[in-house]
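Peer 1: return a 3D structure for these sequence lines:
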Amino acid sequence: MDSAGLSAARLARRRAGARYAIDEVDDFLDECVATLRSWEEGRQGPLSAESVVLAQFTDVPLSGEGYDADAVDELLDAVADRLRAYAGPSAAASSAPLPGDRPRWLVLGIRGIGVLAVVATAVMIAMRMLGDS
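Peer 2: Next up is the predicted model:
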């Protein structure tokens, strides 16, 4: 992934499922493009691979439109891979997640479990109410 490829990338928008706030993602991708461009011009960019991997965005409310979270995560993983390649082997070792840092997919999984728990509770309450009638 180079700066031109990232600039040309188009992310899928969704109204359901895991999705991120469009403005936040666009702003961060602009920073990623600038960072990649710096490396392409022979200068170290302002973002590290670690900061790209650990970037977090606001989840879109149930009724809103946002970028597909999986597509954003995949794109950012490609950017982080390129930044690691530019920075060399020492940067790859230092960009390992710190203990306690959770990948984006894990955070989304935890949120998904919370939603399932709410739905399961609502179903149990409805079943009990119907059974008491």
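Peer 1: which residues in the chain form helices?
Peer 2: 3-8, 22-40, 49-53, 69-87, 89-94, 104-132 (DSSP state H).
Peer 1: among the ones you listed, which is nearest residue 14?
Peer 2: Closest to residue 14 of the helices of the chain is helix 69-87 (CB to CB; 8.6 Å). The way it works is simple: take the backbone N, C-alpha and C, and place the C-beta from them, glycine included.
Peer 1: just list what that closest one packs against, helices and strands only.
Peer 2: Judged by 3 or more CB pairs under 8 Å, 6 or more residues apart in numbering; DSSP states H and E, the packing partners of helix 69-87 are strand 19-20, helix 22-40, helix 49-53, helix 89-94, helix 104-132.
Peer 1: give me the mean pLDDT for it.
Peer 2: Averaging pLDDT along helix 69-87 gives 95.
Peer 1: give me the contact list for it.
Peer 2: Contacting residues not belonging to helix 69-87 are listed as 1-2, 6, 9, 11-12, 17-20, 25, 29, 32, 35-36, 39, 44-45, 47-50, 52-53, 55, 57, 91-92, 95, 104-105, 108 [CB atoms under 8 Å, 6 or more residues apart in numbering].
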